[in-house]
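# Predicted model and sequence below, questions to follow.
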2 protein chains.
Amino acid sequence: VTSQQQLFIGIDGGGTKCKARIVDAQGQLLGEGIAGPANPVRDLQQTFDSIIEATESALKQAGFASDTKSSLIAGIGLAGVNLPKYKAKVEAWQHPFNSMTLTTDLHIACLGAHKGEDGAVIITGTGFCAGYMIANNYNEIGGHGFLLGEQGSGARLGAAAINKALEVLDGIAERNSFIEGILEQLGCQDAISIVEKTVNAKPSFFAQFAPLVFKHARLKDKYALEIVYAAADYISRMARRLLSEQPPRLSMIGGIAEPIAHWLDEDIQLRLSAPLAPPEAGAILLAQQIRIK
Amino acid sequence: VTSQQQLFIGIDGGGTKCKARIVDAQGQLLGEGIAGPANPVRDLQQTFDSIIEATESALKQAGFASDTKSSLIAGIGLAGVNLPKYKAKVEAWQHPFNSMTLTTDLHIACLGAHKGEDGAVIITGTGFCAGYMIANNYNEIGGHGFLLGEQGSGARLGAAAINKALEVLDGIAERNSFIEGILEQLGCQDAISIVEKTVNAKPSFFAQFAPLVFKHARLKDKYALEIVYAAADYISRMARRLLSEQPPRLSMIGGIAEPIAHWLDEDIQLRLSAPLAPPEAGAILLAQQIRIK
């Protein structure tokens, strides 16, 4: 790799997977890679392992040797590094790249969605967070973790469904086909088995139940509707908060973005614009911006 | 201690504290003791340590030496041992007593509340669970852990309050004196500090915020009312489920029992009877029953 062949890598890491893309100085896409979870709050070593794995996979697709890592200019966006403690842990990493610029997964999503221009973004997948960039001033809101926030996330949708299934098994809510579906997907028919299966489960486990919630909400199941409306209400309020900053564009991305859009307040639905590029592309924009400064 | 002076110890262990009481063969109360948390799901070694500490404290008050432990007939009720895995772990303990009979904290509460007779019980403190004994047939419902159940618990009330405080800091809910109170008790004024403080917090941490929720519900704060009504609805539904078994008596105990009672459905409030004896006394009844068999 000569200086004329400057290579950039953009990495997007979250609770479910880690994606990488490599481009050359002209912005030409050379290769992409994917690996497992990369959330430093949950597992720091796994985060580093997933970043390396996604990188090597992208290098392979691009036709470069594994040791080309040391010449890559890396832009990395990770869930959880909005917390200073976890940002410091990742920045202390003896990374294998030429250089590494670290920010949140939300920041690179925002950069990608609006190609580096002003705009706001909502990410709703396993987790939930929101942010906006106005006149080079970047801010984040929401995204406080599975337990105390992120009501608009797939994990919260799935957990609420399992919660309702437990009420049914306790005899304080009615059994119906939605609940049957949840119990079938859990592979459990009693409360003790469910608790044993979920007591130490990660958000990604719960998020697997979100598609079933949407399926039954579309079938007008009262419990599924209650869960989806609560999530949609939270997201609509968050969208309104973002729009109060007057961003030129608002995009919603992540696995829950498409199924939930239909349930948001109508004025919010009308304001949503499709993202222009994926978060990995935003990570590359970040790496290039830093390089230029 | 001679055989004429047979000593019984009853122990009630939960997520917040562990209580012990020692009685003689005539049922005369000789001493009581208290120690820290004893929830084997959260921390097995701490559970054993708390049981020993509460026991030694009760022995001391009774005027017995610490090594009298080896002659105590123990009845122990613990949170979490409704899960077979955790029951097995506690039963494998090389306990220091003459004998140990283990059951759930709920079972001894039910035995105590109705002096060993038929009846139903709801425990709402840090956690939540419910059970009933009808014609020597004992059953439990609810109590599936902080994350997926126990909507009527102090921990869930407190977590909901912190959740709402984060919405206020995000600008998607209104700041008011209830939220000010929560932020003051947290000692935090920004979302990141709150997340760092709560990300690994135990249910007992969240339960500390329940009194403030009740205080502001009484002052008609809309957020506090929403949280309290959700908890009360869950408890009312659970009480109705218990009453469907036609228990002669229904008691509600634990730190949340008194403040929430007022918010339950009126027909449920009218069915509540005061517990006749504390769970530790129920644990002694259990130990004595086993001894008699």
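Thanks, I have the structure now. Just so you know, these numbers come straight off a predicted model, no measurement behind them.
# What residues are bridge-paired with residue A:129?
With beta bridges defined as DSSP bridges, residue A:129 has these partners: residue A:123.
# Report how many residues lie close to it.
Applying other Cβ atoms under 10 Å in any protein chain shown, we find 26 residues neighbouring residue A:129. Every C-beta, even on glycine, is put in place using the N, C-alpha and C of the backbone.
# Does it touch residue A:139 like I think?
No: here residue A:129 does not reach residue A:139: they are 11.4 Å apart, not a contact under Cβ atoms under 8 Å.
# Point out the residues in chain A that sit beside chain B.
Neighbours of chain B within chain A, by Cβ under 8 Å from any Cβ of the partner chain: A:41, A:82-85, A:141-142, A:144-145, A:147-149, A:151, A:159, A:162-163, A:166-167, A:170-173, A:191-192, A:194-196, A:198-199, A:234, A:237-238, A:240-241, A:244.
# So which of the residues you listed are in strands?
When the residues of chain A next to chain B are checked against strands using DSSP state E, the ones located there are residue A:141.
# quick one: residue A:210 from chain B, how far?
Taking Cβ to the nearest Cβ, to the nearest Å as the criterion, residue A:210 is separated from chain B by 15 Å.
# Apart from its neighbours in sequence, what residue is nearest that residue?
Across the structure, with Cβ to Cβ, 6 or more residues apart in numbering or on different chains as the measure, the residue nearest residue A:210 apart from its sequence neighbours is residue A:154 (4.0 Å).
# Local confidence estimate at that neighbour?
Here the pLDDT value assigned to residue A:154 is 96.
# ditto for the one 10 residues further on
With respect to pLDDT, residue A:164 has a value of 97.
# what about it, neighbour count?
The local packing count at residue A:164 equals 22, with neighbours defined by other Cβ under 10 Å.
# Quick check, it in contact with residue A:176.
No: Residue A:164 lies out of contact with residue A:176 (Cβ under 8 Å); the separation is 10.0 Å.
# Return every residue with contacts to both of those two.
Residues touching both residue A:164 and residue A:176 (Cβ atoms under 8 Å, 6 or more residues apart in numbering or on different chains) are residue A:223.
# Specify the local secondary structure of residue A:11.
Following DSSP: H, G, I helix; E, B strand; the rest coil, we place residue A:11 in the strand state.
# just so I have it, where are all the strands in chain A?
Under DSSP E, chain A gives strands at A:7-13, A:18-24, A:29-35, A:72-78, A:99-104, A:119-124, A:128-134, A:137-141, A:250-253.
# Mind putting the ones you listed into JSON lines with mean pLDDT?
Rendered in JSON lines, the data for these read as follows (pLDDT from 0 to 100):
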{"stretch": "strand A:7-13", "mean pLDDT": "96"}
{"stretch": "strand A:18-24", "mean pLDDT": "96"}
{"stretch": "strand A:29-35", "mean pLDDT": "97"}
{"stretch": "strand A:72-78", "mean pLDDT": "97"}
{"stretch": "strand A:99-104", "mean pLDDT": "95"}
{"stretch": "strand A:119-124", "mean pLDDT": "96"}
{"stretch": "strand A:128-134", "mean pLDDT": "94"}
{"stretch": "strand A:137-141", "mean pLDDT": "92"}
{"stretch": "strand A:250-253", "mean pLDDT": "97"}
